[in-house]
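Q: my questions are about this predicted structure, shown below with the sequence.
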Amino acid sequence: MAGTYKKQEFGVGGEEQTLLKDTNGPRIVTKDDKKCKLKTYSTFLSRKCLGSEPVRLSPGWEGTGRPDDELNFKGVTMDQADLELNPPRDRLNIVYFIMLLHGIGALMPWNMFITAEGYFQKYKLSETYTGDPNITYYGNMYVGSVSFAAQIPNLLFNWVNVFIPLSGSMTTRIVWGLTIQAVIFVFTVVMAMADTSGFPIAFFWMTMVSVVILNTSNGIYQNSVFGLGAKLPGKYTGAIVLGSNISGTLTAVINILTQVMTPNLRTAAIYYFITALFIILACFDTYFALPINRFYRYHELLAEKENKKDSGRKDRAPYLKIIRECSVQLFNIFFVFFVTLTLFPAVHSGIKKSDADFIVPTDLYSSVMCFLTFNVTAMIGSLLAPIIKFPNKRFLIIPVVLRALFIPLFLFCNYHVGENLSVRTLPVLINNDWAYLAIAISMGLSSGYLSSLGMMYCPTEVDPRHASVAGMFAAAALITGIFFGVLSSNLMPFVVNNIGW
């Protein structure tokens, strides 16, 4: 009901009538003798205001211009009303660290199986363990095969999601995605404990199938994690990206620690994969902790309101126009990851120690010089990109194309396929470990730095309305670069073993 009310519209009791008739007697007044300033209708009834002038509710609720459903409190709970009236803060950065953890978990499966190359190649698929000299063929092709098996699901999911966004409950996707990943890691731990020397080829293919299943569920999980971040301010999506960069470094450190503490490859692998399982379970638990957090609930409420406003008036994105406008940045992203995955980890991890007196022990050489060095430097490069932002988007293509020089540089290092060092025919021109370390550091830094610049520049090339679609194309270009880089890495053994002068 609106506006103005008069006293006589409301019934009054005997005591009030006596006070009204006795105009010469004492009067009950407020500080304002003429009228009461009432905030709500219930206060008016309780105070029984006595002025003779009409009382006006001020301010009128209808006068605020709010939608009818808000005026009638339609679908609004007391908790939601409290959140809107008192926007909460992210106390102790709890939500930020949860997003960081999910960023780590999003790349954990890929990093775990790639970094565990020594366990598969030198133990499970070795002649020493199986007694079969022919099994080394599968050991040598492990890195290329697991990379291919991991990236096929990612490639399909990312390109399909550009044109047909995944639907369904986010909770369902995240819960099932994490559950399947946990089951696969349990299976991997069981296989590490079991004696597989009697069926090494079957073990190899069982591992490849498990990697496909693992990365299919992980693709759904990754997509959903970035959906979570989209509901929050921009720095929370940045936390997911930062977590993804930390994931590789953390995995490399865990790998080194397990090798140092337990020199036995079987025991080290068990602890290694159990650690991954705990991280996946931590992601599972913290997801269900998010709805308890007031800061997250507040931004989820805002996102729901925006979705209601936008529903029914979404236009189909002009895909060809978006691709044309950001084609240069899409190429930059693709080519950075193409060069990187051509070399890492297949070639990078195959480079052997040249100087016996070099500071890094032989048994940790690949773990430190390849996996730890690349992941740490790539992380540093991605952190520097938002700060330096050089070169600009017009000239970014120059250093991106120049990175192709890393391919011959790495091939001229002491790279060998497997343990037979006599097979190589291409001459080794860089046989200094420090020179190789300098090349590895520059490759990792440029990979993280230039790829981050390309990802940052791509959405700015199009109309702001289409920035999110451009971002999805950028992610698809990234995965495509990884996929074709993995394919080209399989040609590198042929190059060094069949070309020489």
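A: Done, it's in. Remember, predicted model here, so these are calculated numbers, not experimental data.

Q: low-confidence regions, this protein specifically.
A: Scanning the chain with the threshold set as pLDDT under 70 gives 1-88, 165-168, 230, 234, 303, 306-315, 418-422, 501.

Q: domain ranges for it?
A: Recorded structural domains for the chain (assignment: automatic domain parsing) are 4-65, 91-292, 315-501.

Q: and those: which comes nearest residue 305?
A: Counting by C-beta to C-beta, residue 305 lies closest to domain 91-292 out of the domains of the chain; the figure is 11.3 Å. (Each C-beta comes from the backbone N, C-alpha and C, glycine too.)

Q: now do the contacts for the nearest residue to residue 276 once chain neighbours are set aside.
A: Once its chain neighbours are removed from consideration, residue 276 has its nearest residue in residue 112; the separation is 4.8 Å (C-beta to C-beta, 6 or more residues apart in numbering). With contacts taken as C-beta atoms under 8 Å, 6 or more residues apart in numbering, residue 112 has the following neighbours: 185, 251, 272, 273, 276.

Q: would you check which pair of those residues lies furthest apart?
A: Based on C-beta to C-beta, the longest span within the contacts of residue 112 runs between 185 and 251 and measures 13.0 Å.

Q: where do the contact lists of the two overlap?
A: Listed as contacting both residue 185 and residue 251 by C-beta under 8 Å, 6+ apart are 112, 276.

Q: so which of the two has more stuff around it?
A: Relative neighbour count places residue 251 above the other of residue 185 and residue 251, with 27 against 24, counting by other C-beta atoms under 10 Å.

Q: the more buried one and residue 372 touch, don't they?
A: No: in this structure, residue 251 is not within contact of residue 372 by C-beta atoms under 8 Å, at 9.5 Å.

Q: so the residue nearest to residue 276 is in which element?
A: In this structure, residue 112 sits in helix 94-115 according to DSSP states H and E.

Q: got the CA coordinates for that helix in PDB?
A: What follows is helix 94-115, C-alpha atoms only, in PDB (Å, rounded to 0.1, in the frame of the first residue of the first chain):
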ATOM      1  CA  ILE A  94      40.100 -18.200   1.800                       C
ATOM      2  CA  VAL A  95      38.300 -18.200  -1.500                       C
ATOM      3  CA  TYR A  96      41.400 -17.000  -3.300                       C
ATOM      4  CA  PHE A  97      43.400 -19.900  -1.900                       C
ATOM      5  CA  ILE A  98      40.700 -22.400  -2.700                       C
ATOM      6  CA  MET A  99      40.800 -21.200  -6.400                       C
ATOM      7  CA  LEU A 100      44.600 -21.500  -6.300                       C
ATOM      8  CA  LEU A 101      44.200 -25.100  -5.100                       C
ATOM      9  CA  HIS A 102      41.800 -25.900  -7.800                       C
ATOM     10  CA  GLY A 103      44.200 -24.500 -10.400                       C
ATOM     11  CA  ILE A 104      46.800 -26.800  -9.100                       C
ATOM     12  CA  GLY A 105      44.400 -29.800  -9.200                       C
ATOM     13  CA  ALA A 106      43.300 -28.900 -12.800                       C
ATOM     14  CA  LEU A 107      46.800 -29.700 -14.300                       C
ATOM     15  CA  MET A 108      47.800 -32.300 -11.700                       C
ATOM     16  CA  PRO A 109      46.900 -35.400 -13.800                       C
ATOM     17  CA  TRP A 110      48.900 -34.200 -16.800                       C
ATOM     18  CA  ASN A 111      51.900 -33.200 -14.800                       C
ATOM     19  CA  MET A 112      51.900 -36.400 -12.700                       C
ATOM     20  CA  PHE A 113      52.100 -38.800 -15.600                       C
ATOM     21  CA  ILE A 114      54.600 -36.800 -17.600                       C
ATOM     22  CA  THR A 115      56.900 -36.200 -14.600                       C
END
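
Q: name the next helix or strand downstream of it, please.
A: Beyond helix 94-115 on the C-terminal side, the first helix or strand identified by DSSP H and E is helix 117-119.

Q: what is that following helix packed up against?
A: Helix 117-119 sits against helix 265-289, with contacts defined as 3 or more C-beta pairs under 8 Å, 6 or more residues apart in numbering; DSSP states H and E.

Q: give the buried residues for the helix it packs on.
A: By neighbour count on 16 or more other C-beta atoms under 10 Å, the buried set for helix 265-289 is 265, 268-273, 275-277, 279-280, 283-284, 286-287.

Q: and the gap between the residue nearest to residue 276 and residue 278?
A: Applying C-beta to C-beta, to the nearest Å, the value for residue 112 to residue 278 is 12 Å.

Q: next: residue 438.
A: According to C-beta to C-beta, residue 438 stands 36 Å off from residue 278.

Q: how far does stretch 103-118 sit from the chain's center?
A: Relative to the mean C-alpha coordinate of its chain, stretch 103-118 is positioned 14 Å out (C-alpha atoms, centre = their mean, to the nearest Å).

Q: hey, which helix is longest across this structure?
A: Longest helix in the chain, counting residues (DSSP state H): helix 200-230.

Q: who are the packing partners of it?
A: Using 3+ C-beta pairs under 8 Å, 6+ apart as the test, helix 200-230 ends up in contact with helix 94-115, helix 136-140, helix 142-163, helix 170-193, helix 234-261.

Q: follow-up on the earlier one: would you mind getting the angle between the helix holding residue 112 and helix 170-193?
A: Helix 94-115 and helix 170-193 meet at an angle of 40 degrees, taking axes from the mean of the first three to the mean of the last three C-alpha atoms, to 10 degrees as the criterion.

Q: let me know the helix or strand that the closest residue to residue 444 other than its chain neighbours is in.
A: Computed as C-beta to C-beta, 6+ apart, the closest residue to residue 444 that is not its neighbour in sequence is residue 377, at 3.1 Å. Under DSSP H and E, the secondary-structure element containing residue 377 is helix 373-388.

Q: what's the following helix or strand after that helix?
A: Beyond helix 373-388 in the direction of the C-terminus, DSSP H and E gives the next helix or strand as helix 397-402.

Q: tell me what that next one is packed against?
A: The contact analysis (3+ C-beta pairs under 8 Å, 6+ apart) places helix 397-402 against helix 327-343, helix 433-457.

Q: tell me which of those helices sits most buried.
A: Of all those, helix 327-343 carries the top mean neighbour count, a mean of 24, counting by mean count of other C-beta atoms under 10 Å.

Q: hmm, who's touching the helix or strand following that helix?
A: Remark: after helix 327-343, the chain's next helix or strand is helix 365-366, criterion DSSP H and E. Defining contact as C-beta under 8 Å, 6+ apart, one finds that helix 365-366 is touched by 117, 118, 349, 351, 352, 353, 358.
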